[in-house]
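*Asks:* I would like to see how this sequence folds:
(chains A and B)
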2 protein chains.
Amino acid sequence: MEKVTAHDLAKKQKEISVAEFFERNKHILGFGNQTRALVTSVKEGVDNGLDACEEVNILPEIYVEIKNNEDGESKLIIEDNGPGIVKRQIKHIFGRLLYGSRFHSVRQSRGQQGIGISAVVLYGQLTTGKHAKVISKIQEDRPATIMELAIDTNKNRAEVINQDIIHWDKPSGTRIEVSIIADYKRGKRFVYEYLQSTSIVNPHAQITFKESDGTEHIFERTSEMLPRKSVEIKPHPYGVELGTLIKIAKQTKSRKLSAFLKNEFTSMGDRTANAVCEKAQLEKYLNPKEMTREQFLSLHKAFKKVKIMAPPTDCLSPIGETLIKRSLKYETKEISPEFIITASRPPSAYTGNPFQVEVGLVYGGNLPMDANVRIIRFANRVPLLYQQGGCVITSAISSIDWRRYGLDQKSGKGMPSGPAIFLIHVSSTLIPFTSESKEAIADIPEIENEIKLALRICARKVQHHIHKKVKREKIKEKFELIKKILPEIANKSSKMLNKPLPSLDAVITKIMDVVWIEDFIEYEKISKKVIEEPVQMTLLDNKSKQHDDGTITKSKIKVINYKRSSQKFNLYVIIPEDAIVGTVKPKPTNINKNFIKWNLDSIPSSEKVDINFELAGLEEGDFDENDIYVEDINPSYVIGADKWEGE
Amino acid sequence: MEKVTAHDLAKKQKEISVAEFFERNKHILGFGNQTRALVTSVKEGVDNGLDACEEVNILPEIYVEIKNNEDGESKLIIEDNGPGIVKRQIKHIFGRLLYGSRFHSVRQSRGQQGIGISAVVLYGQLTTGKHAKVISKIQEDRPATIMELAIDTNKNRAEVINQDIIHWDKPSGTRIEVSIIADYKRGKRFVYEYLQSTSIVNPHAQITFKESDGTEHIFERTSEMLPRKSVEIKPHPYGVELGTLIKIAKQTKSRKLSAFLKNEFTSMGDRTANAVCEKAQLEKYLNPKEMTREQFLSLHKAFKKVKIMAPPTDCLSPIGETLIKRSLKYETKEISPEFIITASRPPSAYTGNPFQVEVGLVYGGNLPMDANVRIIRFANRVPLLYQQGGCVITSAISSIDWRRYGLDQKSGKGMPSGPAIFLIHVSSTLIPFTSESKEAIADIPEIENEIKLALRICARKVQHHIHKKVKREKIKEKFELIKKILPEIANKSSKMLNKPLPSLDAVITKIMDVVWIEDFIEYEKISKKVIEEPVQMTLLDNKSKQHDDGTITKSKIKVINYKRSSQKFNLYVIIPEDAIVGTVKPKPTNINKNFIKWNLDSIPSSEKVDINFELAGLEEGDFDENDIYVEDINPSYVIGADKWEGE
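*Replies:* This is a model prediction of the structure:
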């Protein structure tokens, strides 16, 4: 055999451009097959449009059109009403991989890699040989720029084939047209599903989807309020890697260690910075640029020894329980499930990146009994449609023993089966996707743990819910029995003894010996103007913008004292964070974003109290069950409420 | 709210260096948690070492050492005896992502991305702040180069911290030392498993693993023969993307279309090239650099209309059924499974990339009955340890209804459970991994389909095996009965009638009315020299190098004619491709790499024929069951063999 040497091999060593790399490995970007390619392309365009609008506080209007021809070529048009892109940046944003604005900032956004939309252009060019066309307008009174682009994959740079200015009937926005080879017939259903799910958790967006045959679907905007804008933060010292610490120090403008800590990290005040320096046995006047690896190592270790405040959470923008519930309601609208339960965890962090987990669970109804549970996944408000098997969400679900929660599961591990749907949303300043296609979340232990905790809360709520229902039904049965049999016995006895029929209320009370709480919910459609002034405008501030859907949720709670003595206690009702509280009777002691509280004055034995409150800003069914708690009374005396455990 | 404009956003737009990208997204490279980080690091180093040795036809000797300290820092040392790396390339190969020799060539290799080993250096620097150290020697009589490296992640370029020459007691090779934060305690088991699996399917490699406490494990070389070296080929026209076609045309040196086709693609002779031009209605003298997109489109469509030979398969290097069997034997050595079955598919292609699927299946024994089946995955001879849920292998298995093959499976979909292990190997010139961590294969429809076909072959063989066993046992029972009862009856009758005992052979024959085939296999350890000259050196050429393990597999087949007339037919025995055939008696009609064939001369009724053959180049147990077929005889008369269906 001929002898090959290191010199021969050296001749073959070459740089690989990132565009060339992904051209060959297009499946990594989500273009592995032609169905998925269609969905990925739409997703990248829409995510970008939503991000752009939110960044400049514009309510998004997204237009998606697909024109399919017989050759398997689909022309994709995606348009937004965002701020547009300045001319000199267009070619970079659409014609170059790893270029973008969101990679270097620590806050929640859909795009974070600077790969997505240019990957679509790359895929289009690879499969159809056609150029992409971009139209962008950045100011109302100026013309738009139109640009035809290709990607030179050897260099990972855009080639501008053509550019011009045109009139565009829109204040501002961006439009991209790109032809790709795709399986339109199989793919369009997934596009529809993706847009629908997106619309549900982004109710502030109006999304139009025009199919190839001209059919138009409009996913209407149902809220005029933009989601809380995520704020950019600095990295948190917990979990920052030693190498990153050294890198930040090389680039800092701070010349003293203490200032460096305060300026480059979040949750670092004077006191914490000093405590860190002290623990690290480092002089706080040290110049960070002159520190040795060993000094950084001490600093890095000191981070973990000092109590540092959790990162601020306004860099995150969770979906919220109302939207999760609404989303699950939508998914199960023909199934009439028994109940929907949501839970969310407080924000946490992995290697310095804040993240938060929210979950929802639907149970029962016509959901199939013997199939695996269905999983609906979201990351930063984006639905994840593929790679479920490779996602930490799936492994977190699989690692819980669901048998104790009434689901079927082989040997307590793996995917449970039963009539349930799980929805899981992970929001983070940096979602650790398993690949650039952003379809699955990597198995980061911290995230897996938080998902498990959230699921367990949900599961416990399910148990609790079932328990409460069973308990209440049992008592109700007993109650009905007493109410029916006692009068009959009394009647018979009085006849036999020829005595008058005694009053039975006190006897019933004696036997029941409980405080009985019942509740009802009604919805009323009304014109906007009728909605009364919220009682607590100061507390509920800008939420008032939202009550435009004209539904009032009316909750009535009846408290009956079947105990022998009069009872006095506090009653709490949990309300959705995004609800606006209207009339409340009797006057509550306290209203905040999570609950309404009443001090119920002494209720005499056998008497009842009615409680009424109204919620606006919700759609019918968003709030369909009162979650009632009591305080300062032995909760075992109370039917229909649980012990208040604090917020 | 303040107004943000496109100009404000433009200021944030920035290039992202690929090193920076992966520094932040290290989980994509397989460093998502500290256990996996250890395994990934070892894997990247070892894969590189094996590739380097094979490229220059050196039998690999790989040394892996991990030194763990209490701080969670592991120092990793990986050394090979490959050709070394020329000095000016060292910094690029270890200090720069997307740089390598194997990306641009179409042939099977472990590394293909130019990311792996530099990612380890990046991860080490990120987590420990320490530099990597590389030693390389390219020629026996020259000193080695030692280099200390860091990666400037903002630029994706290496920084050489230090370099020098040193004496190294090795003809040539490469050694890398890198300190990483890792979970040594949990990870070392996986490192061991990875090295063991690697050693089994790479029997030509010697791998040494030294644990932190000094324990040394040596995975011995068991074959002195390098696997068939995969040959570099040109892309195949089927499945080449239109954009790629245009790109190749831009870079070709050919000035005529027909020459361009012949020079740049595989399986393109004169006739095929002409046929393609004709179908595309393109003049064959056209200059490819002057062709329009529409012309390329016609050409691209014409590829699919013309019958083009499959790509040559010598760019692939499958594991082979013997090693698959051996690997599965090893995995189940304490389980004594009922049987091991293998199957392999002919090479196929997806988007122009040749690939091949091989599978093995172990069934029964002490394997757990109610757990999910175990899956062992390999890609290009590299064991895949993570991301099983996200791998096309898993989805292919899940999409088959296994209930008909005796495994348990909920509603015929999903992971089957039962006493089975599946081993699947996919080899390809470009494995479509779901991410740069190379842990799972993407769901490319062509690959999924081939895996399913291979699994179905295996499953059918399982059925067949069980069927054959049952049939033979039934007949055997009958046979034993006849042999026992008939003489007794005869004895009794002759005594009663006072007549001599008649010969029963003819009667037995009449009752049995079959050709009975029995077989036995024995193993004999012998010194190398005793092995006889292979009968067919021309056919079996360089395989003779391999028979150094000194085991001779001796197979004996006994054919007994229990039919009333004499029988004459052909008999085939399947042999492993990598076996060397020794003495064969009687003289066979034909031996090729797959089978031995005999024309059995007329066997008189009640007579028997003995067939013996010897195989070398196998370990004990590699060949433990004769797979026998017959031709030119009604197969229903034959017990112990099946109908020959051709190759």
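*Asks:* Let's test this: what are the backbone torsions at the nearest residue to A:L299 once chain neighbours are set aside?
*Replies:* Take A:L299 and drop its neighbours on the chain: the residue closest to it by CB to CB, 6 or more residues apart in numbering or on different chains is A:A280, 4.7 Å away. All C-beta atoms are positioned from the backbone trio N, CA, C, and that covers glycine. Main-chain torsions, A:A280, degrees, to the nearest 10: phi -80, psi 0.
*Asks:* A:A280 contacts A:K304, doesn't it?
*Replies:* No - the criterion here is CB atoms under 8 Å, and A:A280 misses it with A:K304 at 10.7 Å.
*Asks:* of these two, who's got more company?
*Replies:* The neighbour comparison of A:A280 against A:K304 (other CB atoms under 10 Å in any protein chain shown) goes to A:A280, with 22 against 11.
*Asks:* What residues are bridge-paired with A:Y572?
*Replies:* Beta-bridge partners for A:Y572, by DSSP bridges, are A:K597, A:Y629.
*Asks:* Can you give me the neighbour number for it?
*Replies:* So A:Y572, with other CB under 10 Å, has 23 neighbours.
*Asks:* A:T40 too?
*Replies:* When neighbours are defined as other CB under 10 Å, A:T40 has 29 of them.
*Asks:* Grab the nearest non-local neighbour of it.
*Replies:* Among residues not flanking A:T40 along the chain, A:G30 sits closest, at 3.6 Å (CB to CB, 6+ apart).
*Asks:* Stretch A:369-380 and chain B, are they touching?
*Replies:* Yes - against chain B, stretch A:369-380 shows contacts by CB under 8 Å from any CB of the partner chain at A:D370, A:A371, A:N372.
*Asks:* Same list (these) but as JSON lines, adding secondary structure and pLDDT.
*Replies:* Formatted as JSON lines, those follow (DSSP: H, G, I helix; E, B strand; the rest coil; pLDDT from 0 to 100):
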{"residue": "A:D370", "secondary structure": "coil", "pLDDT": "81"}
{"residue": "A:A371", "secondary structure": "coil", "pLDDT": "84"}
{"residue": "A:N372", "secondary structure": "strand", "pLDDT": "87"}
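*Asks:* Go through those residues and give me the one with the most neighbours.
*Replies:* Ranked by neighbour count (other CB under 10 Å), the residues of stretch A:369-380 next to chain B have A:N372 at the top, with 20 neighbours.
*Asks:* residue at max distance from the center of chain A?
*Replies:* A:N498 (69.4 Å; CA atoms, centre = their mean).
*Asks:* Chain B contacts on the stretch 301-450 of chain A?
*Replies:* Contact residues, the stretch 301-450 of chain A versus chain B (CB under 8 Å from any CB): A:370-372, A:387, A:389-391, A:394-395, A:410-411, A:414-415, A:417, A:430, A:432-437, A:440, A:442-445.
*Asks:* Select only the buried ones of those residues in ChimeraX?
*Replies:* To isolate the buried members of those in ChimeraX, using 16 or more other CB atoms under 10 Å in any protein chain shown:
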select /A:372,387,389,390,391,394,395,410,414,415,417,430,432,433,434,435,436,437,440,442,443,444
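*Asks:* can you count the residues close to A:H300?
*Replies:* A:H300 has 19 neighbouring residues, counting by other CB under 10 Å.
*Asks:* now do A:K510
*Replies:* Residues near A:K510, counting by other CB under 10 Å, number 13.
*Asks:* And the contacts of the strand or helix carrying it?
*Replies:* Element membership of A:K510, judged by DSSP states H and E, is helix A:505-512. Identification of contacts with helix A:505-512 by CB atoms under 8 Å, 6 or more residues apart in numbering or on different chains yields A:K478, A:F479, A:I482, A:K483, A:L486, A:Y562, A:K563, A:R564, A:S605, A:S606.
*Asks:* what is the mean pLDDT for that helix?
*Replies:* Averaged over helix A:505-512, pLDDT sits at 74.
*Asks:* Tell me the buried residues in it?
*Replies:* So for helix A:505-512, counting by 16+ other CB under 10 Å, buried means A:I508, A:T509, A:M512.
*Asks:* likewise stretch A:557-567?
*Replies:* Buried residues in stretch A:557-567, defined by neighbour count with 16+ other CB under 10 Å: A:I557, A:V559, A:I560, A:N561, A:Y562, A:K563, A:Q567.
*Asks:* The second one contacts A:I611, doesn't it?
*Replies:* Yes - between A:V559 and A:I611 a contact is recorded at 6.8 Å, counting by CB under 8 Å.
*Asks:* so what's the nearest residue in space to A:D513 that is not next to it in sequence up against?
*Replies:* Nearest non-adjacent residue to A:D513, counting by CB to CB, 6+ apart: A:K563, 5.9 Å away. Applying CB under 8 Å, 6+ apart to A:K563 gives the contacts A:T509, A:D513, A:V514, A:V515, A:S605, A:Y637.
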